[in-house]
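**Q** Below is the sequence, then the predicted model.
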Amino acid sequence: MMHQSIATIDSPEFINLQPLEINPLMSSCEIKVLYLGENRNHSYITKEVATEMAKTLRGAPIVGYYKEEKEDFRDHGEKIIFDDEGIKFECLTKPYGFVAPDAKVWFQKFEDTDDFGNKITREYLMTTGYLWTGQYEEAKLAMEEGRPQSMELDDETLDGHWSTNNNTGMDFFIINDAIFSKLCILGEDVEPCFEGSSITAPEVSKNFTKMDNDFKRTLFTMMKDLKQALKGGYKMELEDENVVKTEVTTEAVSEQENIEVSEGEAVEETVVNDDNTNNSVNVETESNEVEKVEENKDYTLLEQELNNLKASYAEMEQKYQELIAFKETVDNEKKDALINSFYMLSEEDKKDVIENKSNYSLDEIEAKLSVICVRKKVNFDKDDSDKNEKTVEEVENNEITTYNLNNTVSTNVPEWLKALKNTRDNKE
């Protein structure tokens, strides 16, 4: 029989934990759950429906199917079993965290790149959660590198209907209502239904930079105090209210005793009783005035400190944007130099790369232009000294360097030419 423990009649003593006081073996994460409109699994979710579905996000588990030999997560981890009892499904995922009961849920727009390199703006349903990174080492992959995410809906509550898009002729399942059953971490090489869906470390949205814990804790405390001040302030108790009241009462008695009465009238001794109504009213009035002054001082300090924090944040944001702009400038210069080094190709040949260079990395630009050179059968064996066109480096050095595609062993041969030779050899 299980041992019994019965609560006594005494009131429970609650511990006043702060919102940021959580298990240190957990890590907070940010989740892009799904985007609105059509998606690749031929379902369709409106913003109104997503808003209703969002009410079931809090408390949902975050699961994953991790493979040791792969050293990464896999898909949803559903296993089909055929035996003498028939067909059944086995779930291989296990919980790695959860969406907190007080998690923030919001919509945010992102610029995605589709399979054809086109830019498209999508509005995602977002939320925050916690991962047990101290318990499961593999959960750190989502925090340190980020991983794709795919949400799962409860089959029994899923409601919707099929409809045809007249513009494309494609059928879509219009979701009317559903409950989130879980959010699943996917492997890096697994493509989610909603292309940009992911689980990452908190980004604090696109318009905010990351803040350290001390700054967040200070800002949280300041905002809480300011909110309370705007509601009317805290009840600020005087350290020794009784002493203050006694001093005020004594002063009132002293003043009253020193009053000089008219000539011929005797000086009456004023006796102060505990139930002196007038003195009590005066003391309470003055005490209230003291409280109001203290509250105004406290509010002013809070407002000043909050303004200082806002100014610090604005400065951080400006520096962050400057760094982003500087990095883009440097990247563009490197890309332009790489594109110009393919002087043997015409502007028309390089048109696609030039127009979409912001979407391609340096390696991708080099690979694409190298492939074009192979397809156009550019002859690198011929001495290029008789050409009028020169690269930027050649103009600066006032010399023209030629390379033989059949001899790329030399250490001074550029990497892009070696890559080009490998591309040609593989094609042959």
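**A** Okay, I see it. Numbering: from 1, shown residues only.
**Q** the strands in the stretch 51-200 of the chain, which residues?
**A** 61-64, 66-67, 72-73, 78-83, 86-91, 94-98, 105-113, 119-131, 147-153, 159-164, 171-177, 180-185, 198-200 (DSSP state E, counting those that start in this stretch).
**Q** JSON lines for the ones you listed, including distance to residue 351, mean neighbour count and mean pLDDT?
**A** For glycine as for every other residue, the C-beta is placed from the backbone atoms N, C-alpha and C. As requested, the strands of the stretch 51-200 of the chain are exported to JSON lines (distance: least, C-beta to C-beta, whole Å; neighbours: other C-beta atoms under 10 Å; pLDDT from 0 to 100):
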{"stretch": "strand 61-64", "distance to residue 351": "43", "mean neighbour count": "24", "mean pLDDT": "94"}
{"stretch": "strand 66-67", "distance to residue 351": "43", "mean neighbour count": "17", "mean pLDDT": "92"}
{"stretch": "strand 72-73", "distance to residue 351": "38", "mean neighbour count": "22", "mean pLDDT": "92"}
{"stretch": "strand 78-83", "distance to residue 351": "46", "mean neighbour count": "9", "mean pLDDT": "68"}
{"stretch": "strand 86-91", "distance to residue 351": "50", "mean neighbour count": "9", "mean pLDDT": "72"}
{"stretch": "strand 94-98", "distance to residue 351": "46", "mean neighbour count": "19", "mean pLDDT": "93"}
{"stretch": "strand 105-113", "distance to residue 351": "19", "mean neighbour count": "13", "mean pLDDT": "92"}
{"stretch": "strand 119-131", "distance to residue 351": "18", "mean neighbour count": "19", "mean pLDDT": "94"}
{"stretch": "strand 147-153", "distance to residue 351": "33", "mean neighbour count": "22", "mean pLDDT": "92"}
{"stretch": "strand 159-164", "distance to residue 351": "38", "mean neighbour count": "12", "mean pLDDT": "92"}
{"stretch": "strand 171-177", "distance to residue 351": "36", "mean neighbour count": "15", "mean pLDDT": "93"}
{"stretch": "strand 180-185", "distance to residue 351": "40", "mean neighbour count": "24", "mean pLDDT": "94"}
{"stretch": "strand 198-200", "distance to residue 351": "33", "mean neighbour count": "21", "mean pLDDT": "93"}
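**Q** Please convert these to a markdown table, extending it with distance to residue 312.
**A** Converted to a markdown table, these look like this (distance: least, C-beta to C-beta, whole Å):
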| stretch | distance to residue 312 |
| --- | --- |
| strand 61-64 | 33 |
| strand 66-67 | 41 |
| strand 72-73 | 38 |
| strand 78-83 | 49 |
| strand 86-91 | 48 |
| strand 94-98 | 32 |
| strand 105-113 | 24 |
| strand 119-131 | 24 |
| strand 147-153 | 33 |
| strand 159-164 | 48 |
| strand 171-177 | 44 |
| strand 180-185 | 34 |
| strand 198-200 | 25 |
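**Q** Nearest to residue 55 among the ones you listed would be which one?
**A** With C-beta to C-beta as the criterion, residue 55 lies closest to strand 105-113 of the strands of the stretch 51-200 of the chain, at 8.4 Å.
**Q** helices and strands around that closest one, which ones?
**A** strand 119-131 (3 or more C-beta pairs under 8 Å, 6 or more residues apart in numbering; DSSP states H and E).
**Q** Neighbouring strands of the strand it packs on in the sheet, and parallel or not?
**A** Here strand 119-131 has these sheet partners by DSSP bridges: strand 27-35 (antiparallel), strand 94-98 (antiparallel), strand 105-113 (antiparallel).
**Q** so which of the strands of the stretch 51-200 of the chain comes closest to residue 368?
**A** Shortest distance between residue 368 and the strands of the stretch 51-200 of the chain, using C-beta to C-beta, is found for strand 105-113: 15.5 Å.
**Q** Show me the contact partners of that closest one.
**A** Around strand 105-113, the neighbours that count as contacts under C-beta atoms under 8 Å, 6 or more residues apart in numbering are 32, 36, 47, 50, 54, 57-58, 119-127, 195-196, 205-206, 359.
**Q** same question, stretch 171-184
**A** The set of residues external to stretch 171-184 that reach it, using C-beta under 8 Å, 6+ apart, is 31, 33, 38, 42-45, 49, 52-53, 56-57, 60-65, 76-77, 93, 99, 129, 149-154, 157-165, 199.
**Q** Look at residue 363 and give its secondary structure.
**A** helix (DSSP: H, G, I helix; E, B strand; the rest coil).
**Q** ok, it to residue 187 distance?
**A** The span separating residue 363 from residue 187 equals 23 Å under the rule C-beta to C-beta, to the nearest Å.
**Q** out of these two, which sits in the busier spot?
**A** residue 187 (19 against 12; other C-beta atoms under 10 Å).
**Q** OK, contacts around that one?
**A** By C-beta under 8 Å, 6+ apart, the residues touching residue 187 are 70, 72-75, 147-148.
**Q** what does residue 202 give?
**A** Residue 202 touches 28-30, 128, 210, counting by C-beta under 8 Å, 6+ apart.
**Q** returning to that earlier point: looking at the strands of the stretch 51-200 of the chain, spot the one closest to residue 328.
**A** When these are compared by C-beta to C-beta, strand 105-113 sits nearest residue 328, at 14.6 Å.
**Q** Bridged to residue 38, which residues?
**A** Under the criterion used (DSSP bridges), residue 38 bridges to residue 44.
**Q** Let me see the ranges of the helices in this protein.
**A** Along the chain, the stretches classed as helices by DSSP state H are 47-53, 140-144, 213-230, 241-257, 277-341, 351-355, 362-375, 392-397, 415-427.
**Q** by contact count, what packs against the first one?
**A** In other words, helix 47-53. Under the contact definition 3+ C-beta pairs under 8 Å, 6+ apart, helix 47-53 sits against strand 119-131, strand 171-177.
**Q** Can I get those in TSV including distance to residue 85?
**A** Listed next are the helices and strands packed on helix 47-53 as TSV, based on distance: least, C-beta to C-beta, whole Å:
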stretch	distance to residue 85
strand 119-131	36
strand 171-177	31
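**Q** Skip the chain neighbours and tell me the closest residue to residue 122.
**A** residue 35 (4.1 Å; C-beta to C-beta, 6 or more residues apart in numbering).
**Q** Apologies, that question was intended for residue 104.
**A** Spatial nearest neighbour of residue 104, chain neighbours left out: residue 128 (5.5 Å); criterion: C-beta to C-beta, 6+ apart.
**Q** roughly how far apart are the nearest residue to residue 54 once chain neighbours are set aside and residue 19?
**A** Spatially, and ignoring its direct neighbours in sequence, residue 54 is nearest to residue 105 (4.9 Å; C-beta to C-beta, 6+ apart). Using C-beta to C-beta, residue 105 is found at 17 Å from residue 19.
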